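From the sequence below, what's the structure:
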Amino acid sequence: MPESLRDAVLMAIAVDQSVPADQLQLIDATAQTWPDGCLGLADAGEFCTLALVDGWAATVTDGEYIWIYRTDSDGTQIRLESKA
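Numbers count the residues shown, from 1 in each chain. Purely as a prediction, here's the structure:
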């Protein structure tokens, strides 16, 4: 995962989850091709482009929680997949 995209994911998590970005650590990043413009995570009634989208699955922790976020290749779409 490019460093600029990693930084965008960490900042998105910091904002979404109210966690200081300096407490977050990327523990895994896997290149993915998502089925649509919503990265396969469309909300009910949400319209998504029907094109394959290259991006990443990023697993991040703060030592207590683990989040998995999905991104497109340039970080314009960053969406929470799960939190544990």
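
Arg6 belongs to a strand?
No - assigned with DSSP: H, G, I helix; E, B strand; the rest coil, Arg6 falls outside any strand and is helix.

Spatially, which residue comes closest to it, not counting chain neighbours?
In this structure, Arg6 finds its nearest non-sequential neighbour in Leu26, 5.5 Å apart by C-beta to C-beta, 6 or more residues apart in numbering. Just so you know, the C-beta spots here come from the backbone N, C-alpha and C atoms, and that holds for glycine as well.

Which strands and helices lie in contact with the helix or strand harbouring the one you found?
With elements taken from DSSP states H and E, the one containing Leu26 is strand 25-34. Secondary-structure packing of strand 25-34 (3 or more C-beta pairs under 8 Å, 6 or more residues apart in numbering; DSSP states H and E): helix 3-17, strand 53-61, strand 66-72.

Please identify which of these is closest to Leu80.
Closest to Leu80 of these, according to C-beta to C-beta: strand 66-72, at 5.7 Å.

All good on my end, thank you.
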